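A.B. asks: here is my input, please return the structure:
(one chain, ligands or ions: 1)
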Amino acid sequence: MSILTLPKNSKMLTKDFTYGVATASFQIEGGRDSRLPCIWDTFCATPGKIEDNSNGDVACDHFNLWQQDIDLIDSLNVDAYRLSISWPRVMTVDGKLNQEGVNFYLNILNALKAKNIKAFVTLYHWDLPQHLEDQGGWLNRQTAYEFANYAKLICQQFGDLVHSYATLNEPFCSAYLGYEAGIHAPGKVGKEYGKKAAHHLLLAHGLAMNELQTYSPNSLNGIVLNFTPAYSVDDSAENVKAAQYADDYFNHWYIKPVIDGSYPDIVEQMPTSQQPDIQPGDMEIISQNLDFLGINFYTRAIYKACKDEIFEELPALAPRTDIGWEIYPSAFTKLLTDLNKQYQLPPVYITENGAAVNDHVVDGAVDDEMRYNYYQSHLNAVDSAIESGVDIHGYFAWSLMDNFEWAEGYKKRFGIVYVDYQSQARTIKASGLAYKQLVSNR
Ligand code: FCB
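C.D. replies: Got it, this is the predicted structure:
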């Protein structure tokens, strides 16, 4: 059996370093009838949006199988579990708590506590209640205040069962993929939407941070951002400039306001119709002190200059995972060290990292060598960043188990545990066993 290894004196081999597995509500829960509709239900019901025409009605049936799933997490010996709360499950249309939905998560949190597994809770992993989208969703400033209300009410319920709260998961995806490129829910298309949605998401983050720091002062409160570092196709000045623009547009757009309280300078080059609606005081709210920053990394992107659109993304180079993303671990180390130079970072957790592989169960086992290699090279990349002085406290594998991979449906498998969607049987893959070994051997 393959095992994952790290250099002998690696800080990642101490017990202070947190290892976990991650999931998100819409991707695993199912239990569709017992919650309000969300934008992903609507998106899935729209023909042509999801690769295999699937939806989240059942998913991994975690709504019913949560106890066995927590046993599974426990069997991996990890220190922590990163899950997200389904806003439409715990809140009513008039902004009150839905106690039945709250109890579902209280049961999970209590079970985790009993097993000494730290709960890393994300409050928003993309499942916006549909009734809020009907009022404009993230294009409506009011949604940010609705989110803060939800954050306040829910953290009061959970008390000290939660080790860490992240307000948002990957606001880039919500804003850009959801309201500009239209490939995620709610599927709006237009440059005039993307940055407006982003601003309201970031405002929601800041307002919710305030509530968390007031009503849950003992948890680690922060945000999870994704980064796809932008590389220029060559050294020519125009292509380098285009890649820098893309980097500001996709990556720094989210971290800079949160840490420095301002958007990248490219905001001034953008037509007014595309700029965010910033009200006095917004940037102060957005740049609250963070207890931690969650960083998600999967791949890099390569750009060249393009007359009409400023930059153009080129096809991903090989080697690629099953979802077509280039495997390029050195970009991970560079990202972490660059961010550490450019920003005053709080403690960092790698909140997602992993690979899609076209896995199969053969004789009761899943030999996912490509994923194993991906984890090995990316754990080494994190270790190198720590060696260079980046203050990284933990690492979460995406994902605990195969699940609904958004616009890709169930075709792309990211789990370290295989899910048979017919029988709902779970099988720990070779990468999962290797991860367990690494965690156990510390
Ligand atoms: C991230 C998402 C996560 C999962 C992985 C593959 O962008 O946060 O839900 O889909 O990608």
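A.B. asks: burial of the residue of the stretch 201-350 of the chain found nearest the ligand, as a residue count?
C.D. replies: Proximity of the stretch 201-350 of the chain to the ligand (C-beta to the nearest ligand atom) peaks at Asn226, 5.5 Å away. Every C-beta, even on glycine, is put in place using the N, C-alpha and C of the backbone. When neighbours are counted by other C-beta atoms under 10 Å, Asn226 registers 19.
A.B. asks: mind listing what's buried in the helix or strand Arg371 falls within?
C.D. replies: Using DSSP states H and E, Arg371 maps to helix 369-387. Within helix 369-387, the residues that count as buried by 16 or more other C-beta atoms under 10 Å are 370-376, 378-386.
A.B. asks: do the helix or strand following that helix and the ligand meet?
C.D. replies: As assigned by DSSP H and E, the chain's next helix or strand after helix 369-387 is strand 392-398. Yes. Applying C-beta under 6 Å from any ligand atom, one finds strand 392-398 touching the ligand at Trp398.
A.B. asks: tell me which helix or strand comes right after strand 392-398.
C.D. replies: Past strand 392-398, the next helix or strand by DSSP H and E is strand 417-420.
A.B. asks: and that next one, how far out from the chain middle?
C.D. replies: Taking the mean of its C-alpha atoms, strand 417-420 sits 20 Å from the chain's own mean (C-alpha atoms, centre = their mean, to the nearest Å).
A.B. asks: now swap in stretch 256-274 and tell me
C.D. replies: Relative to the chain's own centre, stretch 256-274 is displaced by 22 Å; criterion: C-alpha atoms, centre = their mean.
A.B. asks: still on that earlier bit, by contact count, what packs against the helix or strand containing the residue of the stretch 201-350 of the chain closest to the ligand?
C.D. replies: Taking DSSP H and E as the definition, one finds Asn226 inside strand 220-227. Packing contacts for strand 220-227, counted by 3 or more C-beta pairs under 8 Å, 6 or more residues apart in numbering; DSSP states H and E, involve strand 164-169, helix 171-172, helix 191-215, helix 253-260, strand 292-297, strand 348-352.
A.B. asks: beta partners of the residue of the stretch 201-350 of the chain closest to the ligand?
C.D. replies: Asn296 (DSSP bridges).
A.B. asks: close to the ligand: what parts of the stretch 101-250 of the chain are there?
C.D. replies: Counting by C-beta under 6 Å from any ligand atom, the stretch 101-250 of the chain sits next to the ligand at Asn169, Glu170, Cys173, Asn226.
A.B. asks: got TSV for those residues, with distance to Phe332 too?
C.D. replies: Below are these laid out as TSV (distance: C-beta to C-beta, whole Å):
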residue	distance to Phe332
Asn169	19
Glu170	16
Cys173	19
Asn226	12
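A.B. asks: burial count for Asp71?
C.D. replies: 12.
A.B. asks: checking it next. Helix, strand or coil?
C.D. replies: Three-state assignment for Asp71 (DSSP: H, G, I helix; E, B strand; the rest coil): helix.
A.B. asks: now the residue most central in space within the chain: closest residue in space, sequence neighbours ignored.
C.D. replies: Centrality entry for the chain: nearest residue to the mean C-alpha point is Asn169, 4.3 Å, by C-alpha atoms, centre = their mean. Once flanking residues are discounted, Asn169 sits nearest to His125: 4.3 Å by C-beta to C-beta, 6 or more residues apart in numbering.
A.B. asks: for Gly187, same thing?
C.D. replies: Closest residue to Gly187 in three dimensions, ignoring its sequence neighbours and counting by C-beta to C-beta, 6+ apart: Phe43, at 5.7 Å.
A.B. asks: assign a three-state SS to the one you found, would you?
C.D. replies: Three-state call for Phe43 (three-state DSSP): helix.
A.B. asks: please report how far it lies from the ligand.
C.D. replies: 14 Å (C-beta to the nearest ligand atom, to the nearest Å).
A.B. asks: list the residues that contact that residue.
C.D. replies: With contacts defined as C-beta atoms under 8 Å, 6 or more residues apart in numbering, the neighbours of Phe43 are Lys49, Ile50, His184, Ala185, Pro186, Gly187.
A.B. asks: so which of those is the most crowded?
C.D. replies: If you count neighbours using other C-beta under 10 Å, the busiest of the contacts of Phe43 is Ala185, which has 29 neighbours.
A.B. asks: so Phe311 sits in a helix?
C.D. replies: No. Looking at Phe311 with three-state DSSP, it is strand, so not inside a helix.
A.B. asks: what parts of the stretch 301-442 of the chain come near the ligand?
C.D. replies: Looking at the ligand, the residues of the stretch 301-442 of the chain close enough under C-beta under 6 Å from any ligand atom are Glu352, Trp398, Glu405, Trp406, Phe414.
A.B. asks: hmm, back to that, what packs against the helix or strand following the strand holding Asn226?
C.D. replies: Moving toward the C-terminus from strand 220-227, the next helix or strand (DSSP H and E) is strand 230-232. For strand 230-232, the packing partners by 3+ C-beta pairs under 8 Å, 6+ apart come out as helix 237-247, strand 301-306.
A.B. asks: got the ones you listed as JSON lines, with mean neighbour count and distance to Ile39 columns?
C.D. replies: Shown next, in JSON lines, are the helices and strands packed on strand 230-232 (neighbours: other C-beta atoms under 10 Å; distance: least, C-beta to C-beta, whole Å):
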{"stretch": "helix 237-247", "mean neighbour count": "18", "distance to Ile39": "26"}
{"stretch": "strand 301-306", "mean neighbour count": "19", "distance to Ile39": "26"}
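A.B. asks: and of the contacts of Phe43, the nearest to the ligand?
C.D. replies: Closest approach to the ligand among those (C-beta to the nearest ligand atom): His184, at 9.6 Å.
A.B. asks: related to what we said a few turns ago, mind checking pLDDT for the residue nearest to Asn169?
C.D. replies: We have a pLDDT of 99 for His125.
A.B. asks: in stretch 282-302, what counts as buried?
C.D. replies: Here stretch 282-302 shows 282-283, 285-288, 290-302 as buried, counting by 16+ other C-beta under 10 Å.
A.B. asks: CA atoms of it as PDB?
C.D. replies: Output in PDB follows, covering the C-alpha atoms of stretch 282-302 (Å, rounded to 0.1, in the frame of the first residue of the first chain):
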ATOM      1  CA  ASP A 282     -18.400  49.300   3.300                       C
ATOM      2  CA  MET A 283     -14.600  48.800   3.000                       C
ATOM      3  CA  GLU A 284     -14.200  49.100   6.700                       C
ATOM      4  CA  ILE A 285     -16.900  46.500   7.300                       C
ATOM      5  CA  ILE A 286     -15.300  44.200   4.700                       C
ATOM      6  CA  SER A 287     -11.800  44.400   6.200                       C
ATOM      7  CA  GLN A 288     -12.600  43.100   9.800                       C
ATOM      8  CA  ASN A 289      -9.700  41.300  11.500                       C
ATOM      9  CA  LEU A 290      -9.700  37.700  10.700                       C
ATOM     10  CA  ASP A 291      -8.800  34.800  13.100                       C
ATOM     11  CA  PHE A 292      -7.800  32.700  10.100                       C
ATOM     12  CA  LEU A 293      -7.800  32.700   6.300                       C
ATOM     13  CA  GLY A 294      -8.900  29.500   4.500                       C
ATOM     14  CA  ILE A 295      -7.100  29.000   1.200                       C
ATOM     15  CA  ASN A 296      -8.500  26.500  -1.500                       C
ATOM     16  CA  PHE A 297      -6.100  25.500  -4.300                       C
ATOM     17  CA  TYR A 298      -6.500  23.100  -7.200                       C
ATOM     18  CA  THR A 299      -4.600  24.400 -10.200                       C
ATOM     19  CA  ARG A 300      -3.100  27.400 -12.100                       C
ATOM     20  CA  ALA A 301      -4.200  29.100 -15.300                       C
ATOM     21  CA  ILE A 302      -2.200  30.500 -18.200                       C
END
